[in-house]
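Q: The following comprises the amino acid sequence and a computationally predicted model.
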Amino acid sequence: MQIKHLQFENKGEFLAVLDDKTAGKMTYSKAGFDKIIIDHTEVNSDFAGSGVGKALVAQAVEYARATEIKIVPLCPFASSVFKKMPDWHDVLI
């Protein structure tokens, strides 16, 4: 699976691509220069249960660490993943 990161002026998204199909997408909004708000995660039903959603959140964690920003997981799915992954809490605000 490949995860692409697209950034726009005040928003961004991580796209999971597998076998030339969009397997899932996670969107965020920028909140100033030092944090992002994950607002939505969706997984294509063909890939449900395959770890796509968690992989998207993991990519956001890597991005946050690399750019020294914090994450606000407003999306219920992302929030639930963070609750299960205490070693990712360093990027939470």
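A: Yes, it's here.

Q: pretty sure residue 74 is touching residue 38, no?
A: Yes. Counting by Cβ atoms under 8 Å, residue 38 is a contact partner of residue 74 at 6.2 Å. Placement of C-beta: from N, CA and C, glycine included.

Q: which residues in the chain form strands?
A: Secondary structure of the chain (DSSP state E): strands at 2-7, 11-18, 21-30, 35-43, 70-73.

Q: got a list of what residue 91 touches?
A: By Cβ atoms under 8 Å, 6 or more residues apart in numbering, residue 91 lies in contact with 61, 64, 65, 69, 70, 71.

Q: Check what pLDDT the third one gets.
A: This means residue 65. You'll see residue 65 listed with a pLDDT of 98.

Q: which residue packs closest to it, ignoring adjacent ones?
A: residue 91 (6.2 Å; Cβ to Cβ, 6 or more residues apart in numbering).

Q: which residues touch the spatially most central residue of the chain?
A: Centroid-nearest residue in the chain, with Cα atoms, centre = their mean: residue 57, separated by 3.6 Å. Residue 57 makes contact with 26, 38, 41, 73, 77, 78, 81, 82, 85, 88, according to Cβ under 8 Å, 6+ apart.

Q: What of residue 89?
A: So residue 89 contacts residue 82 (Cβ under 8 Å, 6+ apart).

Q: mind checking how far it is from residue 19?
A: 33 Å (Cβ to Cβ, to the nearest Å).

Q: Could I get the CA-only coordinates of stretch 75-87 as PDB?
A: The C-alpha trace of stretch 75-87 is given here as PDB (Å, rounded to 0.1, in the frame of the first residue of the first chain):
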ATOM      1  CA  CYS A  75     -12.400  12.300  13.900                       C
ATOM      2  CA  PRO A  76     -13.900   9.500  16.000                       C
ATOM      3  CA  PHE A  77     -12.000   6.800  14.200                       C
ATOM      4  CA  ALA A  78      -8.600   8.600  14.600                       C
ATOM      5  CA  SER A  79      -9.400   9.300  18.200                       C
ATOM      6  CA  SER A  80     -10.100   5.600  18.800                       C
ATOM      7  CA  VAL A  81      -6.800   4.600  17.200                       C
ATOM      8  CA  PHE A  82      -4.900   7.000  19.300                       C
ATOM      9  CA  LYS A  83      -6.500   5.600  22.500                       C
ATOM     10  CA  LYS A  84      -5.100   2.200  21.500                       C
ATOM     11  CA  MET A  85      -1.600   3.500  20.700                       C
ATOM     12  CA  PRO A  86      -0.100   5.200  23.700                       C
ATOM     13  CA  ASP A  87       3.300   5.400  22.000                       C
END
